[in-house]
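# Next comes the sequence, and after it the predicted model I'd like to discuss.
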Amino acid sequence: MNAANASEIEALRPFLEDRVAQLGSIAHIEKFGSGQSNPTYMLETSTGKFVLRTQPPGKLLKSAHRVDREFRVMRALAETEVPVPPVLFLADEDNPLGRMFYLMGHVEGRIFWDPALPEARHNEERAAIFDAMNATLAALHNVDVKAAGLEDYGKPGDYFARQYARWSEQYRTTETREIANMDRLIAWLGENMPPDDGQSCLVHGDFRHDNMIFATDRPDILALIDWELSTLGHPLADLSYQCMQWRLPHASAFKGLGGIERNKLGLPTEEAYVSRYAQRRGLSDIPHWNFYLAFAFFRLAAICQGVYKRALDGNASNPQKAEAYGQQVETMADLAMDLVEGA
């Protein structure tokens with residue numbers, strides 16, 4: 001973490017201490033160095049540790065960086081089978097920082113930055129960690145959104161068509177150079193959009209291993225975090241997004257599972273992972289899988305392009321990592337086109 005980058009949050013001390021009684025007095029504020037979208041800070045106080053997450057400074061893209069949505073969805077999921085941190089306080093723009101932020105409890109545990117899980121104690125634990133992710137994803141998609149008070153959290157139907165329009169527009173808005181395969185991928189997706197099948201559920205939008213906090217002594221997920229991209233959508237968007245890991249090269253900014261001997265590490269195949277998810281949700285088959293995977297590559301490429309553009313504009317939370325992500329846009333477009341042309 002970088003203490004120097006926490007100086008702007010110092011102005012919030014009296015504001016927070018006056019409004020959140022359980023916070024006590026704030027002793028130390030430190031910025032997490034990881035993450036790209038919404039700057040996140042650790043607060044050490046007289047009563048314990050807390051996490052503050054805020055919108056980034058500067059001009060924001062439409063519908064991006066909605067920390068109020070993160071707060072709402074985690075509060076709604078508190079009584080479900082989906083593990084989330086306890087959320088405590090949400091502030092609108094009328095505060096000393098001048099932009100929205102929220103406060104949540106700190107969850108102590110492990111975060112795995114490498115999907116190959118080199119920190120795991122043995123292959124059985126690696127397999128169990130992947131199975132825990134699979135079970136959590138199925139539990140998320142089985143949440144009764146009406147009972148959770150989230151029936152208005154997104155628009156029903158045509159999820160992929162709407163997401164395609166949104167991310168195509170945002171990619172063009174932040175485009176910094178011409179990438180031929182990105183142009184071809186956008187065209188292919190538009191021409192091969194499957195008909196809407198009516199499936200709708202709560203989706204996380206960024207479901208991957210490093211957005212989960214695991215127990216230190218067992219392969220249990222204690223909290224699923226970073227809900228900025230969550231909405232009501234199609235469950236296969238989350239599944240295909242996570243399954244990109246099997247194809248992304250391990251030697252890249254995203255540290256995928258591509259190019260490593262997964263069977264020697266006890267890791268499941270993509271086919272086995274998808275099959276277990278389908279079993280948990282009672283699905284007989286998953287048609288149009290290549291489309292969903294290609295769409296996942298497209299969407300992540302568009303997100304990374306936006307992060308890269310923010311770095312060029314001087315507003316990235318982690319400029320060095322943002323530049324590395326920007327270099328991966330072409331790689332993701334290439335992988336997606338290899339997938340659809342080899343089908």
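Noted; the coordinates are in hand.
# Which other helices and strands does the lowest-mean-pLDDT helix or strand in the chain contact?
Least confident helix or strand, the chain: helix 319-326 with a mean of 81, by mean pLDDT, DSSP states H and E. Here helix 319-326 touches helix 289-312, going by 3 or more C-beta pairs under 8 Å, 6 or more residues apart in numbering; DSSP states H and E. For glycine as for every other residue, the C-beta is placed from the backbone atoms N, C-alpha and C.
# Export the helix it packs on to CSV, keeping only CA atoms.
Backbone C-alpha positions of helix 289-312 (Å, rounded to 0.1, in the frame of the first residue of the first chain) are rendered in CSV as follows:
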residue,chain,number,x,y,z
TRP,A,289,-20.4,-21.0,-25.7
ASN,A,290,-17.9,-19.5,-28.2
PHE,A,291,-19.9,-16.4,-28.6
TYR,A,292,-20.0,-15.9,-24.8
LEU,A,293,-16.3,-16.4,-24.5
ALA,A,294,-15.6,-14.0,-27.4
PHE,A,295,-17.9,-11.5,-25.8
ALA,A,296,-16.0,-11.8,-22.5
PHE,A,297,-12.7,-11.0,-24.2
PHE,A,298,-14.3,-8.0,-26.0
ARG,A,299,-15.8,-6.6,-22.8
LEU,A,300,-12.5,-7.0,-20.8
ALA,A,301,-10.6,-5.4,-23.7
ALA,A,302,-13.0,-2.4,-23.7
ILE,A,303,-12.6,-2.1,-19.9
CYS,A,304,-8.8,-2.2,-20.1
GLN,A,305,-8.9,0.4,-22.9
GLY,A,306,-10.8,2.7,-20.6
VAL,A,307,-8.4,2.2,-17.8
TYR,A,308,-5.5,2.9,-20.1
LYS,A,309,-7.1,6.1,-21.3
ARG,A,310,-7.6,7.2,-17.7
ALA,A,311,-3.9,6.7,-17.2
LEU,A,312,-3.0,8.8,-20.3
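# now the angle from it to helix 319-326?
Helix 289-312 and helix 319-326 are oriented at 140 degrees to each other (axes from the mean of the first three to the mean of the last three C-alpha atoms, to 10 degrees).
# How far away from the center of its chain is helix 289-312?
Helix 289-312 has its average C-alpha position 12 Å from the chain's average C-alpha position, going by C-alpha atoms, centre = their mean, to the nearest Å.
# now swap in stretch 308-315 and tell me
On C-alpha atoms, centre = their mean, the centre of stretch 308-315 falls 20 Å from that of its chain.
# Now that stretch: average pLDDT?
Per-residue pLDDT over stretch 308-315 has a mean of 84.
# neighbouring contacts of it?
The contact list for stretch 308-315 (C-beta atoms under 8 Å, 6 or more residues apart in numbering) reads 56-59, 174, 176, 316, 319, 322-323, 325-326, 329.
# List buried members of the residues you listed by neighbour count.
56, 174, 316, 319, 322, 325-326, 329 (16 or more other C-beta atoms under 10 Å).
# Pick the one among those closest to Lys146.
Top of the list for closeness to Lys146, among the buried ones among the contacts of stretch 308-315 and by C-beta to C-beta, is Pro56 at 32.9 Å.
# does that closest one count as helix, strand or coil?
Here Pro56 is recorded as coil under DSSP: H, G, I helix; E, B strand; the rest coil.
# Give me the pLDDT value at it.
81.
# Repeat that for Pro235.
Pro235 is given a pLDDT of 97.
# What segments of this protein are helices?
13-19, 67-76, 123-141, 159-174, 180-191, 235-243, 270-281, 289-312, 319-326, 329-341 (DSSP state H).
# Output those as CSV; include the columns distance to Leu43.
Formatted as CSV, these follow (distance: least, C-beta to C-beta, whole Å):
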stretch, distance to Leu43
helix 13-19, 8
helix 67-76, 16
helix 123-141, 27
helix 159-174, 32
helix 180-191, 40
helix 235-243, 30
helix 270-281, 36
helix 289-312, 25
helix 319-326, 23
helix 329-341, 34
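# Quickly, which of the ones you listed bottoms out on average pLDDT?
Looking at the helices of the chain, the bottom one is helix 319-326 with a mean of 81.
# Based on its surroundings, how many neighbours for Ala311?
Ala311 has 21 neighbours, counted by other C-beta atoms under 10 Å.
# For it, which non-adjacent residue is closest in space?
Ala322 (3.6 Å; C-beta to C-beta, 6 or more residues apart in numbering).
# circling back to that earlier point, of the contacts of stretch 308-315, which pair is most distant in space?
Pro57 and Val329 (23.7 Å).
# Pull the residues that contact the least confident helix or strand of the chain.
Identification of contacts with helix 319-326 by C-beta under 8 Å, 6+ apart yields 34, 36, 176, 253, 304-305, 307-311, 316.
# Kindly recompute the last result at 7 Å.
36, 253, 304-305, 307-308, 310-311, 316 (C-beta atoms under 7 Å, 6 or more residues apart in numbering).
# before we move on, what about stretch 77-90?
Stretch 77-90 is contacted from outside by 19-20, 68, 71, 74-75, 102-105, 107, 136, 139-140, 143, 148, 221-225, using C-beta under 7 Å, 6+ apart.
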